[in-house]
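> here is a sequence with its predicted model. Questions after.
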Amino acid sequence: MSATVSDIDALKTRLKATWSAGDFGRIARSYETGAAEFVADLKIAPGTRVLDVACGTGNLALPAARDRARWPYNAPGRASMTTRVTPEHPEAQTPSMSAASPNRLPRTVVVIGFVSLLNDFASEMVVPLIPLLLATVLAAGPVALGLIEGVADTASNLLKLWAGRRSDVGARQRKPYVVFGYLLSNLARPLIGLSGSWLTVLTIRVTDRIGKGVRTAPRDALIADAIQDGQAGHAYGFTRALDHAGVVLGALAAAAVVYWGTSRLDVVIALSAIPGLLAVLLVAFGMREIPRAAPVNAELAPLRWATLSETTRRYLVVIMFFTLGKIPETFLLLRGHELGMSVVELLLLWAAMHVVKASISLQAGQYTDRVGRRPLILSGWMVYAVALFALAFAQEPHMLWAWSLLLGFYFGLTEGAERALVRDLAAPAERGTAFGWFHMLVGFAAIPAGLLLGGLWAFYGVKLAFLVSAALAAIACTGFWRFVR
């Protein structure tokens, strides 16, 4: 006995009512992390043919697409899909998406990129001068510099978990955290030039980084909210490229003022307030936050380490260990000062490093959307270990130039991929929290990293300091290859 059209329509109506009666959005979100891990365990190679029948929200289809799976009736790596499970639960729906990286980024991402450019323009008129201010005016050495950078970065990163978490609650806006963070940093930073001791520099630098701590996780989550799957590497690579472009402009502006204007560091630092003000105005009046639907259950899961997926925990532990081997970049300037390089030459070195970063970041971000995050992160970390090893034996300015530029290549390769991997592993409702964990744990390692290198440098010499850091970076590479899959 064959079913009539009316029978089929009646069955569809009953099935729709069944789905609509449940909390499908909450069920779908609970499957996201496990589904991503399941796809990771399948070890799908580019070109593997995959068919996800009754794909639901795409919690299996989309991670597979990011691994460049081949889908029936689609080009390789372009797993197009549209899901509308129930109109009554819009939070459970997935819009049409493609695994390939679209060329056009949302306005929110573009504005955040240019805000970052202006803020880094302001910041990098100041940061490269801090080691010189400490060494020439305040008579402080590498231990003081390591303590300042370590404490400042840790204060910043501890706040990132709190700010990211708060921006996740309900439909809470993320933009106020971003605006306040940029405002605080750009009010405090120009005051460094008035410092009379390294303790004053420490206080102002910590205030500056508190602003960074408040804004960073909500800002990264804003980007994650605005983009589609398959755009994460492109988006974070784009913003990091503009970050580094701002660094180049700031360092060149500072060098120009010192060379053609004045050698007074306090005047150069004060002028950083101009691009800083422009950054605050742009983020306050030019950035639009895409509204987020409030979760069905507005209360987040308890903030516990155990609630993170196993893959996420492994990734965060390994990257925290890698940070123990990372040198504060300002130490390269201190090393250049020891080798007899002038202030202008040091600023040009700083700018050149960031030209390399900016040149690589966007292309690397787009590439990681095609091949995955792991190859670029692992390759970049290996480059970093090699560069640190070589810096241990650099005794001439031209060698410092060469290996510093190689470090710039590492940053360009990995920064977008590291953030995109956080976005890949996080549930959409908890992206701010995920980025908070990421930045906070990196911050936990910042003080021992800065003190380790500064202490070894001061008591045993620069060679041992760089060799120990290179060894830690190499061990982290092995851990990432072995445990983060």
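On my side now, so go ahead.
> need the pLDDT of the spatially most central residue of the chain.
Closest to where the C-alpha atoms of the chain average out (Cα atoms, centre = their mean) is residue 419, at 4.3 Å. Note for residue 419: predicted pLDDT of 88.
> likewise the one 4 residues further on?
Listed pLDDT for residue 423 reads 87.
> that one reaches residue 431, doesn't it?
Yes. Using Cβ atoms under 8 Å, residue 423 is in contact with residue 431, at 6.6 Å. In this view, the C-beta of every residue, glycine as well, is placed from N, C-alpha and C.
> verify the contact between residue 367 and residue 233 for me.
Yes. Because the distance of 7.3 Å satisfies Cβ under 8 Å, residue 367 is recorded as touching residue 233.
> of those two, who's got more company?
When neighbours are counted by other Cβ atoms under 10 Å, residue 367 and residue 233 differ, and residue 233 comes out ahead with 29 against 20.
> quick one: the more buried one from residue 223, how far?
12 Å (Cβ to Cβ, to the nearest Å).
> and what of residue 405?
From residue 405 to residue 223 the distance is 28 Å (Cβ to Cβ).
> of those two, who's got more company?
Per other Cβ under 10 Å, whichever of residue 405 and residue 223 has more neighbours is residue 223, with 26 against 16.
> in which helix or strand would I find the more buried one?
Secondary structure assigned from DSSP states H and E places residue 223 in helix 198-226.
> what packs against that helix?
The contact analysis (3 or more Cβ pairs under 8 Å, 6 or more residues apart in numbering; DSSP states H and E) places helix 198-226 against helix 107-123, helix 142-168, helix 175-188, helix 232-256, helix 397-425, helix 431-444.
> and the fourth one with helix 107-123, angle?
Pointing back at helix 232-256 there. 30 degrees (axes from the mean of the first three to the mean of the last three Cα atoms, to 10 degrees).
> same question for the last one.
Compare the direction of helix 431-444 with that of helix 107-123 by the same axes, to 10 degrees and you get 20 degrees.
> same deal with the third one?
For helix 175-188 against helix 107-123, the angle by the same axes, to 10 degrees is 10 degrees.
> and the longest one, by the same measure?
Compare the direction of helix 397-425 with that of helix 107-123 by the same axes, to 10 degrees and you get 150 degrees.
> for helix 397-425, packing partners?
helix 24-42, helix 198-226, helix 232-256, helix 310-324, helix 330-338, helix 343-371, helix 373-391, helix 431-444.
> quick check: buried residues in the third one?
I take that to be helix 232-256. 232-255 (16 or more other Cβ atoms under 10 Å).
> before we move on, the earlier item: let's have the helices and strands packed on helix 198-226 in a markdown table, adding distance to residue 358.
Shown next, in a markdown table, are the helices and strands packed on helix 198-226 (distance: least, Cβ to Cβ, whole Å):
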| stretch | distance to residue 358 |
| --- | --- |
| helix 107-123 | 10 |
| helix 142-168 | 22 |
| helix 175-188 | 20 |
| helix 232-256 | 4 |
| helix 397-425 | 7 |
| helix 431-444 | 21 |
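> which of these sits closest to residue 383?
Minimum separation from residue 383 across the helices and strands packed on helix 198-226 (Cβ to Cβ) falls at helix 397-425, 4.5 Å.
> what angle separates the closest one from helix 330-338?
Going by the same axes, to 10 degrees, helix 397-425 makes 180 degrees with helix 330-338.
> how much space between residue 413 and residue 456?
27 Å.
> hmm, I was thinking of residue 231
Residue 231 is 42 Å from residue 456, by Cβ to Cβ.
> compare those two and say which is more crowded by neighbours.
residue 231 (28 against 20).
> what are the phi and psi angles of the more buried one?
phi -110, psi 0 (degrees, to the nearest 10).
> quick one, grab the pLDDT at the closest residue in space to residue 441 that isn't next to it in sequence.
Nearest residue to residue 441 in three dimensions, chain neighbours excluded: residue 320, at 4.5 Å (Cβ to Cβ, 6 or more residues apart in numbering). What the model reports as pLDDT for residue 320 is 90.
> what about residue 320, neighbour count?
18.
> from residue 408, how far off is it?
23 Å.
> what of residue 120?
14 Å.
> and residue 388, by the same measure?
13 Å.
> likewise residue 453?
From residue 453 to residue 408 the distance is 19 Å (Cβ to Cβ).
> tell me which of the two has more neighbours.
residue 453 (29 against 22).
> what about the residue nearest to the more buried one when sequence neighbours are not counted, which helix or strand?
Counting by Cβ to Cβ, 6+ apart, the nearest residue to residue 453 once its immediate chain neighbours are dropped is residue 465, at 4.9 Å. Using DSSP H and E, residue 465 falls within helix 462-483.
> how far off helix 142-168 does that helix point, in degrees?
Going by the same axes, to 10 degrees, helix 462-483 makes 30 degrees with helix 142-168.
> helix 462-483: how far from the chain's middle?
21 Å (Cα atoms, centre = their mean, to the nearest Å).
> export that helix to PDB, keeping only CA atoms.
Extracted C-alpha coordinates of helix 462-483, given in PDB (Å, rounded to 0.1, in the frame of the first residue of the first chain):
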ATOM      1  CA  VAL A 462      73.500  35.900  26.600                       C
ATOM      2  CA  LYS A 463      74.600  32.600  25.000                       C
ATOM      3  CA  LEU A 464      73.200  30.300  27.700                       C
ATOM      4  CA  ALA A 465      70.000  32.400  27.900                       C
ATOM      5  CA  PHE A 466      69.200  31.900  24.200                       C
ATOM      6  CA  LEU A 467      70.200  28.200  24.200                       C
ATOM      7  CA  VAL A 468      67.900  27.400  27.100                       C
ATOM      8  CA  SER A 469      65.100  29.200  25.400                       C
ATOM      9  CA  ALA A 470      65.800  27.300  22.100                       C
ATOM     10  CA  ALA A 471      65.700  24.000  24.000                       C
ATOM     11  CA  LEU A 472      62.300  24.700  25.600                       C
ATOM     12  CA  ALA A 473      60.900  25.700  22.200                       C
ATOM     13  CA  ALA A 474      62.200  22.500  20.600                       C
ATOM     14  CA  ILE A 475      60.600  20.400  23.400                       C
ATOM     15  CA  ALA A 476      57.300  22.200  22.800                       C
ATOM     16  CA  CYS A 477      57.500  21.400  19.100                       C
ATOM     17  CA  THR A 478      57.700  17.700  20.000                       C
ATOM     18  CA  GLY A 479      54.800  18.000  22.400                       C
ATOM     19  CA  PHE A 480      52.600  19.700  19.800                       C
ATOM     20  CA  TRP A 481      53.500  17.000  17.200                       C
ATOM     21  CA  ARG A 482      52.700  14.200  19.700                       C
ATOM     22  CA  PHE A 483      49.700  15.400  21.600                       C
END
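> run through who's touching that helix.
Residues from elsewhere that reach helix 462-483 (Cβ atoms under 8 Å, 6 or more residues apart in numbering): 314-315, 318-319, 321-322, 324-327, 335, 338, 374, 377-378, 381-382, 384-386, 388-389, 391-393, 449, 452-454, 456-457.
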